[in-house]
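S.K.: structure for this input, please:
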Amino acid sequence: MQPPTISNNREPRKPTIRPQKVTLWYILRENALQIIMYILGAILVGLIRWPLAAAYLLLAAASTIFYMYWVCPYCGHYQLATCPAAFDVLSGKIFKPLPGRTFRRQFTLGAIVLGPGWFLPPLAALYLLLTGFSWLILALLIVFCAVAFWLLPQQSKSHCDGCETVDCPRHPRK
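M.R.: Take a look at the predicted model:
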């Protein structure tokens with residue numbers, strides 16, 4: 001199987017900077033916003049019933065692993081061992097791309113896998129706010145939404161500068 005196509009017909013992009021040796025600290029730092037989002041989500045969901053917090057964290061871990069299986073093998077960063085989130089290190093390159101699949105399609109499907117982790121906490125917060133308003137729950141909801149729907153996408157987009165994966169959904173089709 002050939003690695004994903006890398007385009008040379010675009011303006012040059014700066015390469016993704018990643019240390020030669022990826023440490024646990026590096027992985028935690030690069031994934032900090034996602035970790036914070038999942039912790040906030042567990043708190044919000046757990047306020048309904050505490051076992052839901054554990055279930056939510058299991059869902060978060062499972063969806064991240066499934067994302068690594070479903071999306072990462074089709075990304076140019078994965079093949080080049082330059083993934084900013086170090087998912088190529090975490091998965092140990094055990095997931096291999098299957099013929100006929102593209103990064104664009106897999107990335108879109110990957111959003112479906114991650115979706116519940118992003119939308120269950122706001123739904124839980126809305127339920128909590130409707131059944132008994134609390135400033136704390138409102139504050140947690142605002143912080144969760146700021147992290148999940150603003151800061152995390154901004155951080156993710158910042159990695160696009162070093163990427164030349166041709167069929168990425170973030171790159172306009174020519």
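S.K.: surely residue 145 touches residue 122?
M.R.: Yes - counting by Cβ atoms under 8 Å, residue 145 does reach residue 122; the two are 6.4 Å apart. Where C-beta positions appear, they are placed from N, C-alpha and C, glycine not excepted.
S.K.: check the residue with the largest distance to the centre of the chain and give its pLDDT.
M.R.: Centroid-distance maximum for the chain: residue 132 at 31.8 Å, with Cα atoms, centre = their mean. pLDDT, residue 132: 95.
S.K.: how about the helices of the protein, start to end?
M.R.: Taking DSSP state H, the helices of the chain run over residues 24-30, 32-46, 50-70, 76-80, 87-90, 103-131, 135-146, 152-158.
S.K.: tabulate the ones you listed (TSV), appending mean neighbour count.
M.R.: As requested, the helices of the chain are exported to TSV (neighbours: other Cβ atoms under 10 Å):
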stretch	mean neighbour count
helix 24-30	13
helix 32-46	20
helix 50-70	16
helix 76-80	21
helix 87-90	19
helix 103-131	16
helix 135-146	15
helix 152-158	13
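S.K.: fine by me, thanks again.
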